[in-house]
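Engineer: Coordinates only, no sequence provided:
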């Protein structure tokens with residue numbers, strides 16, 4: 001999966017074939033077999049693949065051609081990978097929420113500390129005035 005994917009939004013099937021090294025008829029077959037590949041289609045029926053489609057196609061190619069999975073096994077492996085990615089994303093979101101909550105606590109504590117410091121400064125001034133006036 002070392003293919004360099006050009007930096008653009010849409011790719012025609014011929015470009016995808018060159019990038020992945022997979023014949024167009026095989027790409028169309030994989031599109032039918034694997035629900036993760038969903039290129040948009042123009043009014044004339046031209047497939048327009050996105051970067052994510054190409055990444056999935058490269059995974060499928062690796063599973064089928066390099067690791068010698070059968071279609072059913074590759075589907076299962078992709079499903080597991082997607083589940084792992086989902087779980088990782090959920091964990092990152094949970095950590096982000098925790099981080100945000102901690103940041104809010106820190107900001108709240110800073111406000112309290114600032115108010116306390118202001119009150120202490122006022123008390124010290126009052127004491128100073130009392131001692132000087134005595």
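Structural biologist: Now that the structure is in, tell me what you want to look at. What you see is a predicted model, and the numbers here were worked out from it, not measured in a lab.
Engineer: which strands and helices sit next to the helix or strand bottoming out on mean pLDDT in the chain?
Structural biologist: The helix or strand of the chain with the poorest confidence is helix 71-133; it has a mean of 89 (mean pLDDT, DSSP states H and E). Packing contacts for helix 71-133, counted by 3 or more Cβ pairs under 8 Å, 6 or more residues apart in numbering; DSSP states H and E, involve helix 51-61. The C-beta positions use only the backbone N, C-alpha and C, and glycine is treated the same way.
Engineer: picking up where we left off before, and the angle for the least confident helix or strand of the chain with helix 51-61?
Structural biologist: Per axes from the mean of the first three to the mean of the last three Cα atoms, to 10 degrees, the angle that helix 71-133 makes with helix 51-61 is 130 degrees.
Engineer: So for stretch 41-57, what gets flagged as buried?
Structural biologist: For stretch 41-57, a neighbour-count test (16 or more other Cβ atoms under 10 Å) marks 47, 49, 50, 53, 54, 56, 57 as buried.
Engineer: With pLDDT and distance to residue 64 added, can I get these in TSV?
Structural biologist: Formatted as TSV, those follow (pLDDT from 0 to 100; distance: Cβ to Cβ, whole Å):
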residue	pLDDT	distance to residue 64
47	96	20
49	97	18
50	96	21
53	96	16
54	96	16
56	95	12
57	97	10
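Engineer: Buried residues in stretch 23-37, which are they?
Structural biologist: Applying 16+ other Cβ under 10 Å to stretch 23-37 flags 26, 27, 30, 31, 34, 36, 37 as buried.
Engineer: before we move on, what about stretch 67-79?
Structural biologist: When burial is assessed from 16+ other Cβ under 10 Å, stretch 67-79 yields the following buried residues: 69, 74, 75, 77, 78.
Engineer: returning to that earlier point: just give me the closest of the buried residues of stretch 23-37 to residue 6.
Structural biologist: residue 27 (16.8 Å; Cβ to Cβ).
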